[in-house]
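J.: Kindly return the folded structure for what I paste below:
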Amino acid sequence: MKLHQKKPSDSRKDVVKSLAETELHITAEMAIDQHKINKQMQEEQQPMVAIINSMQHAVIVTDTHGCIQFMNLMAEALTGWYSKEACGKSLAEVVQLIDKDIEETIENLATLTIVTGAILHLPDNCVLVAKNGREILVGDYAVPVRDSNNNITSVVIVLQEVTQRKLIESQLLQNAFYDGLTALPNRALFLDRLKQAVERSKRRIDYRFGILFLDLDGFQEINDRFGHAMGDDLLVAIARRLESCLRSGDTVGRFSGDEFAVLLEDIKDINDAINVAKRIQDTLGLPLTLNGNLISTTASIGITINQGGGDQPEKLLQNADAAMYHAKQQGKARYAVFDVIVKHDSQE
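T.: Residues are numbered from 1 along each chain as shown. Next up, the predicted model:
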């Protein structure tokens, strides 16, 4: 029997072929295992993804380079970007934020969070510029995610539209501090600004401010003759005229009925306050046409100014009120200065 021996080259080919087949088999097994792992991870992540997608807040996850890895459905709706087109992009490209108080763009929020290593809250007046250019008031925060070794592995950004909330807050503020009819500051807001003026006078010995207390002459007769609706229209018109007589830094408020108060900031002396009172009387003395009716009205005005750091806001208002009643006793369209009244009474 004749045996055939393989040539050395044939043996090497067989070995290479065997190794290649083994490597291919191992690679295939690894791919299958990786697929199983990925599938298992996806199955494990599905409940969490479903939970995040059901949230009423926009949730965005970035890597440590500030690039988007995940967006929930609310984030897609808020930004106008689909997750599949946003993933991999820089957060700053998709989530464009502007601090409207200072008109400055907020840089990549994820990167800022990683640098600080702390939770970052958005400014109070922050807008998101959506993909279509629409500006949306948003709030909430960005938080770093850490592993067991306390290393930051990602950043989660949570956003929510706060337009409606801001409108409600604004309305509550309006109701609390402004008169519903004239939109002027009410007594509470006027007193707050008066208290601030008193505090400034404590820090600056040369700081002077004046208070005018006004009461319309004959307002009740107008109400009785033309009705309350006309009376309300008159009060609104008076409010606008009072505003036109003042500087931007001054305050005019409506206290109740036909009573108004004026705070004159940073004046030289009592003469400045008297000049404003005269200007108000001249302006109010001009006839008004309301609903086809020609109406004329005047005001009695009491005046006082601060005396120093020991002034009390309520006391100053009382002094101006007392001066107003003194003026009304003298006749219509008059003003009186509290200090003069005190001196006159002390001499009697």
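J.: Ile260 contacts Cys245, correct?
T.: That one is not Ile; residue 260 is Phe. No: with contact defined as Cβ atoms under 8 Å, Phe260 does not reach Cys245; the gap is 11.1 Å. Where C-beta positions appear, they are placed from N, C-alpha and C, glycine not excepted.
J.: Which one's more surrounded, these two?
T.: It is Phe260, of Phe260 and Cys245, that has more neighbours when counted by other Cβ atoms under 10 Å, with 26 against 19.
J.: Spatially nearest residue to the more buried one (excluding sequence neighbours)?
T.: Computed as Cβ to Cβ, 6 or more residues apart in numbering, the closest residue to Phe260 that is not its neighbour in sequence is Leu214, at 4.3 Å.
J.: can you pull the contacts of the one you found?
T.: Neighbour list for Leu214: 242, 259-262, 280, 299-302, 324 [criterion: Cβ atoms under 8 Å, 6 or more residues apart in numbering].
J.: just the buried members of those residues?
T.: Taking 16 or more other Cβ atoms under 10 Å as the criterion, what is buried in the contacts of Leu214 is 242, 259-262, 280, 299-302, 324.
J.: Look up how far Gly218 lies from Arg225.
T.: Relative to Gly218, Arg225 is positioned 10 Å away (Cβ to Cβ, to the nearest Å).
J.: Show me the domain layout of this protein.
T.: The chain breaks down into these domains under automatic domain parsing: 51-167, 181-347.
J.: lowest confidence element among the helices and strands of this structure?
T.: Least confident helix or strand of the chain, by mean pLDDT, DSSP states H and E, is helix 8-54 with a mean of 56.
J.: Next, count neighbours for Ile60.
T.: 28.
J.: Doesn't it belong to a strand?
T.: Yes: assessed by DSSP: H, G, I helix; E, B strand; the rest coil, Ile60 belongs to a strand.
J.: contacting residues for the closest residue to it other than its chain neighbours?
T.: Excluding the flanking residues, the one nearest Ile60 by Cβ to Cβ, 6+ apart is Ile157, at 4.4 Å. Residues in contact with Ile157, defined by Cβ under 8 Å, 6+ apart, are 58-62, 91, 95, 109-110, 141-142.
J.: Write the PyMOL selection for whichever of those are buried.
T.: The buried residues among the contacts of Ile157 can be selected in PyMOL (16+ other Cβ under 10 Å) with this line:
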select buried, resi 58+59+60+61+62+91+95+109+110+142
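J.: Output the contacts of Ile157 as TSV; include the columns pLDDT and distance to Val337.
T.: Putting the contacts of Ile157 into TSV (pLDDT from 0 to 100; distance: Cβ to Cβ, whole Å) gives the following:
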residue	pLDDT	distance to Val337
Ala58	89	61
Val59	91	64
Ile60	91	64
Val61	92	68
Thr62	93	66
Leu91	94	63
Val95	93	60
Leu109	91	58
Ala110	92	63
Tyr141	90	55
Ala142	92	59
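J.: Closest to Arg204 out of the contacts of Ile157?
T.: Closest approach between the contacts of Ile157 and Arg204, by Cβ to Cβ: Tyr141, at 40.3 Å.
J.: residue contacts, that closest one?
T.: 119-122, 157-158.
J.: quick check, it in a strand?
T.: Yes: applying three-state DSSP, one finds Tyr141 inside a strand.
J.: Check the gap between the residue nearest to it when sequence neighbours are not counted and Cys87 for me.
T.: Distances taken as Cβ to Cβ, 6+ apart place His121 nearest to Tyr141, at 4.7 Å, with adjacent residues excluded. In this view, His121 and Cys87 are 25 Å apart by Cβ to Cβ.
J.: These two: which is more packed in?
T.: When His121 and Cys87 are compared for neighbours, Cys87 comes out ahead with 16 against 12, by other Cβ under 10 Å.
J.: so that one touches Val61, yeah?
T.: No: with contact defined as Cβ under 8 Å, Cys87 does not reach Val61; the gap is 9.7 Å.
J.: Now do the shared contacts for those two.
T.: Residues within reach of Cys87 and of Val61 at once, by Cβ under 8 Å, 6+ apart, are 68-71.
J.: Strands of the stretch 51-200 of the chain, start to end?
T.: 58-62, 68-71, 96-99, 104-106, 120-121, 126-129, 135-146, 152-161 (DSSP state E, counting those that start in this stretch).
J.: which one of the ones you listed has the most crowded surroundings?
T.: Stretch with highest mean neighbour count among the strands of the stretch 51-200 of the chain: strand 58-62 (a mean of 23; mean count of other Cβ atoms under 10 Å).
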